[in-house]
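A.B. asks: Show me the folded form of this:
(2 chains)
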Amino acid sequence: MNIIKKYLSKKRWVAIVFATFFLGVILTFVSPVFLKFNNLQSVLVQASVTGIVAVGMTFIILTGGIDISLGAILFFTSALFAKIIVGTGSYIFAFVAAIGSACLLGLLNGFLVNKFKMSPLITTLATYTMYRGMAIHLTSAQNVPVPREFGFIGNGKIAGIPVPIILLFIVFGIGIYLLTKTRFGLYVRAIGNSSQSAIESNLPVKKVTLMVYLIGGFTSAIAALILLARVGGLQSGIGIGVEFTVIAAVVLGGTKLSGGAGTVVGSVIGAIFLVLIDNGLNLMNASPYIYDIVRGAVLLTAVIIDRVSIVRQTKHLLEQKAMRIESSKNI
Amino acid sequence: MQETTNKPLLSVKNLKKTFGLKTVVNNVSFDVYPGEIITLVGENGAGKSTLKNMLCGLLEPTEGQIFIEGQEVKNINGYEHGISAVHQELSLFGTLTVAENICITQLPGKPGNVNWVEVDNIAQKQLDFLGIDIDTKSLVEDLGTGKQQIVEIAKALLHADKLLILDEPTTSLTAPEREKLFIIMERLKERGVAIIFISHFMDEIYKMGDKYIVLRDGHQVGSGFLKDVPRNDLEEMMVGRTIGESQIDLKPPQEVDAIRVENLSSYDFHDVSFTVKKGEILGIAGLVGAGRTELVEAIFGIRKSKGNIFINDKLVSPVTISKMLENNVSLVTEDRKTNGIFGIRSVRENISAATIESFVNRKIKGFGFRNEEEKTMEVVKDMNVAIPHIQSKIKSLSGGNQQKAIIGRWLSTKPQICILDEPTKGVDIGAKFDIHTMIGELAKQGVAVIVVSSDLPELLQISHRIKVMRTGHMVGEFKREEFNSAKIISMAASSAYEKKE
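C.D. replies: A predicted model of the protein is given here:
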């Protein structure tokens, strides 16, 4: 039992894998439709938007930051893309502008957090409002339909696999590579672990901080394109609440909210887990009003688990210290 | 010991560092030769850490020059110049592996594709060199303090091929771990690495060091070869002999126990017992980290503890802050900025904060502030606080005046037992004198006073009795007639000292 506990505290993402599997088993019993290929595929497609942004958010949270403006960046990018594509018809221009501006907005978040040493929560709460406002201003709060062929990104298939799933796996792969194989990935984990130590070790803390917020913006842009294509046009509701679902996915995936420890794998599975809950409620014909209650409860559980493990760790350290003092008497 | 025919590795000339108006390091000059262990000694706050930070490039000197191998270096960058420091607070990353920690500043392979196999190899090589068996793949947070320290040294040595600075490396180590560290230091010395060894422990200093530098209040008060200086002289140099300037006259205490602490234990200290009589001033001496602040905070109910506390022979455990206030106990906390003052509020509010009811004439309970200003002004006069105006924000005052105001706040509660934690830390001489006088006054009125201080001359002046704490234990007691600064210091610091029963 202790070994399992220890293993779980080290490989925190394993817990979400078990939880997802367990939920899957329950849903199989609840509804015969669940295990159907089409249903599973649609679960992945639905998880793609959350999953992709969750990859970016993982990097941000790993450094000890947070970005709640990602949903607003997503909305702004969708708006910009829709406007440009309707206005000019140039896909290249639209793609470059959308992705480029998302990166810039992310960079601005990072810059503000760096420069003024403000709490990332408050900073991005402000930019969240600002970015959403910019998007509404851009479109005069009107719906903008996008051309039919663009729907391919949301609903099309390549070699029988839906495009959103392909994009999810590409972003997922890049995320894993960045975090585990590169110097940048190590710095990200190090900074979240102790920014003081990072400064003393001469690590480029500011550069890395800029970079993670930029990645956050980038992933939001990719998610924006998928969402825009799936919806078929810009609507004012796009991106609302995305950041919270994403944070929920990351935390469920075992990434510490305080930073320093976490994985991309966990976050993506966390995203799938959340979709499974929606899917399950849907299959059970639950009232739509209940969804948010369940989602909120799940996030709360995840945060409590996160907190409890920290409290336990601190207590353990203190007890070790007390034992050392007790034994030091006889030296 | 290598004799000094070769050129010095590091020369420091007239180094000075000021923060604002305060000079922390003043006119320090010394040379370090390869393969030497220099011990840097001095009391808490003597400027050792500041000096260390200047040498490894974390702080820029205000004045003076630093030469490395004969070349003057302006903007010193520890890593580039082969200098590395192991700070008291380790700069490790708990959730990363040992190997990642060691190599983080110098990863092999391309930035975009780190060679993790090589990372492990380098780490293994470093640890092998130090002769320590640690799994390079385990997480640093899973290691004990001793092993973490060694990982930190291994990390530092990746850059420091010339000079390694160890800042009180042994304080959190067990005896066997300490021996291991000494072996490592010997090994580095043989390789020609110079070591600056900061320590409080005389045994270690004499065991490991070749030369010494003593700092007191930022000044270099002595340096030379350790073999030429007896231990007592070195201790006296550290403490200085400045006793006598504000001698307060002490009355013998009453023969009534005001507070009795029995077998108090917590995470930070173990099995502490003592009593303080009415009108007695008890000093608690010890090094930083000995658990003194934690002890007084536990007595006041800020921290949880096990054990019994009696006030006027009445059991009050388990203690809470409100019970302590009911029993007229007050605590002036150590960290004035975070635990003492309400920085952006006025002096008036800061003084009346603990017992607002005694400052105001109220017709309806809880309403009105009539007379508050006049009465707080009286406290200001009594305490000799220099203020521009009673409504000035307290943070605009000097440290000494802030402290006097805070002490005034607690004295307004008419304490029967008054605990002061580092009451004169960071205050000027004048304020210090005022505070000492005030403490003496309190005792004369029959108040039991407990003073925690790292300033030993201060305790020697004002206490009836001094208790010494070391790593969470009360290790000794001195009555006024037995006061001896060298003995107290060696008891607080000595790792080999046996408790007298």
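A.B. asks: quick one: the helix or strand hosting A:G185 near chain B?
C.D. replies: Taking DSSP states H and E as the definition, A:G185 sits inside helix A:183-193. Yes. Helix A:183-193 reaches chain B (CB under 8 Å from any CB of the partner chain) through A:183-184, A:186-187, A:189-190, A:193. All C-beta atoms are positioned from the backbone trio N, CA, C, and that covers glycine.
A.B. asks: Going by proximity to chain A, name the top residue of the stretch 201-350 of chain B.
C.D. replies: Using CB to the nearest CB, the single residue of the stretch 201-350 of chain B nearest to chain A is B:Y267, 4.2 Å away.
A.B. asks: For chain B, which residue occupies the most central location?
C.D. replies: B:V288 (3.6 Å; CA atoms, centre = their mean).
A.B. asks: For that residue, give its distance to A:M323.
C.D. replies: 21 Å (CB to CB, to the nearest Å).
A.B. asks: With B:I450 instead?
C.D. replies: According to CB to CB, B:I450 and A:M323 sit 27 Å apart.
A.B. asks: between the two, who's got more neighbours?
C.D. replies: B:I450 (27 against 12; other CB atoms under 10 Å in any protein chain shown).
A.B. asks: domains of chain B?
C.D. replies: Annotated domains of chain B cover B:10-239, B:257-493 [automatic domain parsing].
A.B. asks: can you put those in TSV and add mean pLDDT and distance to A:K157?
C.D. replies: Listed next are the domains of chain B as TSV, based on pLDDT from 0 to 100; distance: least, CB to CB, whole Å:
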stretch	mean pLDDT	distance to A:K157
domain B:10-239	84	32
domain B:257-493	87	60
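A.B. asks: Go through the lengthiest helix in chain A and flag the buried ones.
C.D. replies: Assignment by DSSP state H gives helix A:291-328 as the longest helix of chain A. Using 16 or more other CB atoms under 10 Å in any protein chain shown as the test for burial, helix A:291-328 gives A:295, A:298-299, A:302, A:306, A:321-322, A:324-325, A:328.
A.B. asks: With stretch B:384-391 instead?
C.D. replies: Buried-residue list, stretch B:384-391, by 16+ other CB under 10 Å: B:384-385, B:387, B:390.
A.B. asks: go on, stretch B:124-136?
C.D. replies: B:124, B:126-127, B:130, B:132, B:134, B:136.
A.B. asks: Pick out the most distant pair among the residues you listed.
C.D. replies: B:L130 and B:T136 (12.5 Å; CB to CB).
A.B. asks: and the one helix or strand B:I66 maps to, which residues are buried?
C.D. replies: Here B:I66 sits within strand B:63-68, counting by DSSP H and E. For strand B:63-68, burial by neighbour count (16+ other CB under 10 Å) applies to B:64, B:66-68.
A.B. asks: mind listing what it pairs with, with the direction of each?
C.D. replies: Sheet pairing of strand B:63-68 (DSSP bridges) gives strand B:10-19 (antiparallel), strand B:71-73 (antiparallel).
A.B. asks: ok now do the residue lying closest to B:I321 once chain neighbours are set aside, which residues does it touch?
C.D. replies: Nearest in space to B:I321, with sequence neighbours left out and distances taken as CB to CB, 6 or more residues apart in numbering or on different chains, is B:G301 at 4.4 Å. Counting by CB atoms under 8 Å, 6 or more residues apart in numbering or on different chains, B:G301 makes contact with B:319-324.
A.B. asks: one more time with 10 Å
C.D. replies: B:309, B:316-325, B:329, B:331 (CB atoms under 10 Å, 6 or more residues apart in numbering or on different chains).
A.B. asks: In the stretch 51-200 of chain A, what residue spans correspond to helices?
C.D. replies: Remark: helices assigned in the stretch 51-200 of chain A by DSSP state H, counting those that start in this stretch are A:70-88, A:91-116, A:120-139, A:152-155, A:163-181, A:183-193, A:195-200.
A.B. asks: pLDDT of stretch A:139-156, averaged?
C.D. replies: Summarised as a single mean, pLDDT over stretch A:139-156 is 85.
A.B. asks: Identify the residues contacting it?
C.D. replies: With CB under 10 Å, 6+ apart, stretch A:139-156 has contacts from A:45, A:48-49, A:75-76, A:78-83, A:85-87, A:89, A:91, A:94, A:135-136, A:138, A:158, A:162-164, A:166-167, A:222, A:225-236, A:238.
A.B. asks: do that again at 8 Å, thanks
C.D. replies: A:79, A:81-83, A:85-86, A:91, A:162-164, A:167, A:225-236.
A.B. asks: now do stretch A:272-288
C.D. replies: So stretch A:272-288 is in contact with A:16, A:19-20, A:23-24, A:26-27, A:30-31, A:33-34, A:39, A:43-44, A:46-47, A:50-51, A:245, A:248-249, A:252, A:290-291, A:294-295, A:298, going by CB under 8 Å, 6+ apart.
A.B. asks: So which bits of it are buried?
C.D. replies: Those would be A:272-281, for stretch A:272-288 by 16+ other CB under 10 Å.
A.B. asks: of the residues you listed, closest to B:S273?
C.D. replies: The nearest one, if we look at the buried residues of stretch A:272-288 relative to B:S273 and count by CB to CB, is A:F273, at 54.7 Å.
A.B. asks: Just the element for the closest one, please.
C.D. replies: helix A:264-283.
A.B. asks: May I have that helix as CSV, with CA atoms only?
C.D. replies: Extracted C-alpha coordinates of helix A:264-283, given in CSV (Å, rounded to 0.1, in the frame of the first residue of the first chain):
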residue,chain,number,x,y,z
VAL,A,264,2.0,17.1,-20.6
VAL,A,265,0.6,13.6,-20.7
GLY,A,266,-1.3,14.1,-17.5
SER,A,267,-2.9,17.4,-18.8
VAL,A,268,-4.1,15.8,-22.1
ILE,A,269,-5.6,12.9,-20.2
GLY,A,270,-7.1,15.3,-17.8
ALA,A,271,-8.8,17.0,-20.8
ILE,A,272,-10.1,13.6,-22.0
PHE,A,273,-11.4,12.9,-18.5
LEU,A,274,-13.4,16.1,-18.4
VAL,A,275,-14.9,15.3,-21.8
LEU,A,276,-15.8,11.8,-20.6
ILE,A,277,-17.7,13.3,-17.7
ASP,A,278,-19.7,15.5,-20.1
ASN,A,279,-20.1,12.5,-22.4
GLY,A,280,-21.3,10.4,-19.5
LEU,A,281,-23.8,13.0,-18.4
ASN,A,282,-25.0,13.3,-21.9
LEU,A,283,-25.4,9.5,-22.3
